[in-house]
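Asks: sequence unknown, structure follows:
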């Protein structure tokens, strides 16, 4: 074989090997972004935990009776006991019991618990995807970008688009710092509402939120947006849990749970 032919075959073989290696790498790393997304969303969920998260919910465009709302959530969790405050709602936990407090309705809900309560409390927040990596890869497209040369943003967008638009049905994104702590998480869910007088078929609705579907009519493109602003996250040992079960419930002479001082007007419900 002539030298030039040998060189050509060698280069071709090397190219094929490199292409195969790159393909294997792509296959191997095809779920890397989803894996990183899950890692960031769970990174702050370590005990002990003290965190403050502002939850904001809004609808775009704003409709009558559906304005934006904000709620501050505070977490104090450690092995053995914990306390979560979410607006007017409270959750008090120890090794065997969980107490849910609705201060607006003046009601206690007492629930018997098994071990692992703290971990269950953590998985309640925030409302990000809880599917397997493979399922996430099938449902979402993933992209990654740097924000302000400091933070990193991973955005998941459903492969399925909203009918009559080029917009994904859902979007989920999380922005995080170099320490892998989340800074902001955001979810967007889109749907079409028939344009009627109740939804506001007036000139007040921007053209960007109007969708026409042939043989069906005009629709309002509505977006439900949830934002989680992580204001503070710490994992220092020896955190002080500000509220324990005894601050809300005490046992009377008969050994029954009754409201503690200052909560005498609260009703108690029990759930096994």
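Replies: Alright, I've got the coordinates. Not measured: the values here are computed from a predicted model.

Asks: doesn't residue 31 make contact with residue 134?
Replies: Yes: using Cβ atoms under 8 Å, residue 134 is in contact with residue 31, at 7.2 Å. Every residue, glycine included, has its C-beta placed from N, CA and C.

Asks: who touches both of the two?
Replies: Between them, residue 134 and residue 31 share no contacting residue under Cβ atoms under 8 Å, 6 or more residues apart in numbering.

Asks: and the two? which has more neighbours close in?
Replies: A count of neighbours by other Cβ atoms under 10 Å puts residue 31 above the other of residue 134 and residue 31, at 17 against 11.

Asks: what residues are up against the more buried one?
Replies: Contacts of residue 31 (Cβ under 8 Å, 6+ apart): 133, 134, 136, 137.

Asks: can I take it that residue 208 is in a strand?
Replies: No: counting by DSSP: H, G, I helix; E, B strand; the rest coil, one finds residue 208 to be helix, located in no strand.

Asks: check contacts around it.
Replies: With Cβ under 8 Å, 6+ apart, residue 208 has these contacts: residue 221.

Asks: gap between it and residue 155?
Replies: According to Cβ to Cβ, to the nearest Å, residue 208 stands 20 Å off from residue 155.

Asks: cool, and residue 172?
Replies: On the measure of Cβ to Cβ, residue 172 and residue 155 end up 7 Å apart.

Asks: just want to know which of those two has more residues nearby.
Replies: Shown here are residue 172 and residue 155; by other Cβ under 10 Å, residue 172 has more neighbours (24 against 19).

Asks: and the helix or strand hosting the more buried one, which strands flank it?
Replies: Using DSSP states H and E, the element containing residue 172 is strand 170-176. Using DSSP bridges, strand 170-176 pairs in its sheet with strand 151-158 (antiparallel), strand 182-194 (antiparallel).

Asks: residues making contact with it?
Replies: 37, 40-41, 43, 128-129, 140, 147, 151-158, 182-190.

Asks: now the buried members of these.
Replies: 37, 40-41, 128-129, 140, 152-158, 182-190 (16 or more other Cβ atoms under 10 Å).

Asks: strands of the stretch 1-150 of the chain, start to end?
Replies: Shown for the stretch 1-150 of the chain, the strands assigned by DSSP state E, counting those that start in this stretch span residues 49-60, 69-78, 81-86, 89-94, 97-102, 107-112, 140-147.

Asks: so which of those is nearest residue 257?
Replies: Distance to residue 257, taken as Cβ to Cβ, is lowest for strand 107-112 among these, at 6.4 Å.

Asks: isn't there a helix covering residue 239?
Replies: No: per three-state DSSP, residue 239 lies outside any helix segment and is coil.

Asks: how close does it get to residue 232?
Replies: 12 Å.

Asks: looking at the two, which has the bigger crowd around it?
Replies: When residue 239 and residue 232 are compared for neighbours, residue 239 comes out ahead with 17 against 10, by other Cβ under 10 Å.

Asks: lowest average confidence, helix or strand, in the chain?
Replies: helix 3-28 (a mean of 47; mean pLDDT, DSSP states H and E).
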